[in-house]
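Visitor: Quick one: sequence and predicted model below, then my questions.
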Amino acid sequence: MTAGRPEVHRIRSELRRLLDSAGPVLLVLWLGPLAACRSQPGGPAGGGNHQETVPVTVATVLQRNVPIQLHAIGTVEASSTVSIKSQVEGQLAEIHFQEGDPVRKGDLLFTIDPRPFEATLRQVEANLARDAAEAENAKVEAERLERLLSQALVSRSEYDQAHAKATSLLAAVKADQAAVENSKLQLQYCYIRSPIDGRIGQLLVHAGNVVKRNETELAVVNQIRPVHVAFSVPEQELPEIRQRAAATRLTVEAFATDHATTPVTGQLNFINNQVDTTTGTVLLKAFFDNADETLWPGQFVDVALTLTIQRNAVVVPTEAAQTGQQGAYVYVVDKDLAAQLRPIVVGQTVGQEVIISKGLEAGERVVTDGQLRLAPGFKVQIKEHASGLLSLRERSGEGIE
């Protein structure tokens, strides 16, 4: 053991020499991490007393009546669609409308050349006049022979022949009368009129063309006041829809365009009698007066079917509600602009809002953007909205409807 002491003294002397030459460098390397720790907010040396302000966006908790709705994409359907065809064959002589015009029931739309039908009518009227004259003469002759037969001045067979001739000519007269009525009807068919109120579409055949009876389509008239909107909902919603519809008329709103702010309001009036097995949906239809013709046949619209209205519901934007290990929560900004974590019970989501069943009161302010940088007690700086200004309602904490 004593023999090793000179070696130990030598090693100690060498270490002392190295420390004397490199001491400042090692001291900087050792103190560097400690200085870094001191410079961090909330670090061991800082004690958590110094924190930077976190910029956030806030919204005011509102209390209002919220409609509970089902949303879908719908298609506008004309309440009545009529394909205009000619009931007689002939040349299209005249067109009495402009494409896209509104039309009323009975308005003249097309004229088929009526001259051949007028000629046919004159012919059958002449046949009627001829047969009527002959029938009248045969009737007089039969009555004369009847008197002579009673006096035994003619034979029974002569009277029977005269009576049969009179009866036959009377039947011919009736046939001629039917032919005259048919010819008049055919002549009326030359003047094609609108069978419904509506709006006429594209002209499909131009004047001068020969159209065939009940075959050539000339135009289409759609009745667009009123209209129907057809849409489908998941079959799981069918029981509640039927229950609500049995109690009251359900309101349906249709947004005609993506940027429409005012919907067109109608009533649910049809639930299909079966579920589409390929899609698992059921077809519904709503009736709209469409007095201002906002909805157009074939148009796609956003549909909202209102099932009920939840009164005095507390709502916040969906961005405010967060989910953690302990459940849903929001950050509430107090009067000192400090963020406080608040557990909540989330109800149904309605559009861009969520109903809060428990945990918030109307008028409180909640963080909608910037939650990732927050912790309970952190100070916040409320950012201006995209419009550049925070609304007065949010500044004052008002907003109860």
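Guide: Done, it's in.
Visitor: wait, what's in contact with the residue lying closest to residue 287 once chain neighbours are set aside?
Guide: Spatial nearest neighbour of residue 287, excluding adjacent residues (CB to CB, 6 or more residues apart in numbering): residue 269 at 4.5 Å. Backbone N, C-alpha and C define where each C-beta goes, glycine included. Residues in contact with residue 269, defined by CB atoms under 8 Å, 6 or more residues apart in numbering, are 228, 285, 286, 287.
Visitor: got it, and residue 333?
Guide: Contacts of residue 333 were listed using CB under 8 Å, 6+ apart, and they are 56, 58, 339, 340, 365, 366, 367, 380, 382.
Visitor: go on, residue 380?
Guide: Counting by CB under 8 Å, 6+ apart, residue 380 touches 53, 54, 55, 56, 58, 333, 337, 338, 339, 367, 370, 374.
Visitor: Now do the strands in the stretch 101-250 of the chain.
Guide: 102-103, 108-112, 191-193, 198-200, 210-211, 217-234 (DSSP state E, counting those that start in this stretch).
Visitor: For those strands, give me JSON lines that also has mean pLDDT and mean neighbour count.
Guide: Below are these laid out as JSON lines (pLDDT from 0 to 100; neighbours: other CB atoms under 10 Å):
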{"stretch": "strand 102-103", "mean pLDDT": "96", "mean neighbour count": "18"}
{"stretch": "strand 108-112", "mean pLDDT": "97", "mean neighbour count": "20"}
{"stretch": "strand 191-193", "mean pLDDT": "97", "mean neighbour count": "17"}
{"stretch": "strand 198-200", "mean pLDDT": "95", "mean neighbour count": "21"}
{"stretch": "strand 210-211", "mean pLDDT": "95", "mean neighbour count": "16"}
{"stretch": "strand 217-234", "mean pLDDT": "96", "mean neighbour count": "20"}
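Visitor: In CSV: the ones you listed, plus distance to residue 317.
Guide: Shown next, in CSV, are these (distance: least, CB to CB, whole Å):
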stretch, distance to residue 317
strand 102-103, 44
strand 108-112, 54
strand 191-193, 57
strand 198-200, 42
strand 210-211, 61
strand 217-234, 26
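Visitor: Are any of the contacts of residue 380 buried, and if so which?
Guide: Applying a neighbour-count criterion of 16 or more other CB atoms under 10 Å, the buried members of the contacts of residue 380 are 54, 56, 58, 333, 339, 367, 370, 374.
Visitor: What about the residues you listed, which are in strands?
Guide: Residues of the buried ones among the contacts of residue 380 located in strands (DSSP state E): 54, 56, 58, 333, 339, 367.
Visitor: what's the most distant pair in those?
Guide: Within those, 54 and 58 form the most distant pair, 11.8 Å apart (CB to CB).
Visitor: Pass me the low-pLDDT residue ranges in the protein, would you?
Guide: 1-51, 258-260, 384-401 (pLDDT under 70).
Visitor: Do you have the helices of this structure handy? List them.
Guide: In chain order, the chain shows helices spanning 5-39, 115-150, 156-188, 238-247, 392-396, with DSSP state H as the criterion.
Visitor: For residue 312, which non-adjacent residue is closest in space?
Guide: If the residues on either side of it in the chain are set aside, residue 312 comes closest to residue 63, at 5.7 Å by CB to CB, 6+ apart.
Visitor: Just send the buried ones among the contacts of residue 380 back as CSV, with distance to residue 247 too.
Guide: Compiled in CSV, those are given as follows (distance: CB to CB, whole Å):
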residue, distance to residue 247
54, 49
56, 44
58, 40
333, 42
339, 45
367, 40
370, 45
374, 46
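Visitor: ok, the residues you listed vs residue 248, which is closest?
Guide: Minimum separation from residue 248 among the buried ones among the contacts of residue 380 (CB to CB) is found for residue 58, which lies at 38.5 Å.
Visitor: Number of residues surrounding the nearest residue to that closest one once chain neighbours are set aside?
Guide: The shortest distance from residue 58 to any non-neighbouring residue, by CB to CB, 6+ apart, is to residue 365 (4.6 Å). Taking other CB atoms under 10 Å as the neighbour definition, residue 365 ends up with a count of 24.
Visitor: May I ask you to confirm that residue 365 is in contact with residue 62?
Guide: No: using CB atoms under 8 Å, residue 365 makes no contact with residue 62, being 11.2 Å away.
Visitor: what's near enough to touch residue 151?
Guide: Contacts were defined as CB under 8 Å, 6+ apart; by that measure residue 151 touches no other residue.
Visitor: circling back to that earlier point, so which two of the contacts of residue 333 are the farthest from each other?
Guide: Comparing the members of these, the greatest separation, given CB to CB, is between 340 and 382, at 14.8 Å.
Visitor: wait, what's in contact with residue 316?
Guide: The neighbours of residue 316, taking CB under 8 Å, 6+ apart as the test, are 59, 61, 62, 330, 353, 354, 356, 360, 366, 368.
Visitor: same thing but 7 Å
Guide: 59, 61, 330, 353, 354, 356, 360, 366 (CB atoms under 7 Å, 6 or more residues apart in numbering).
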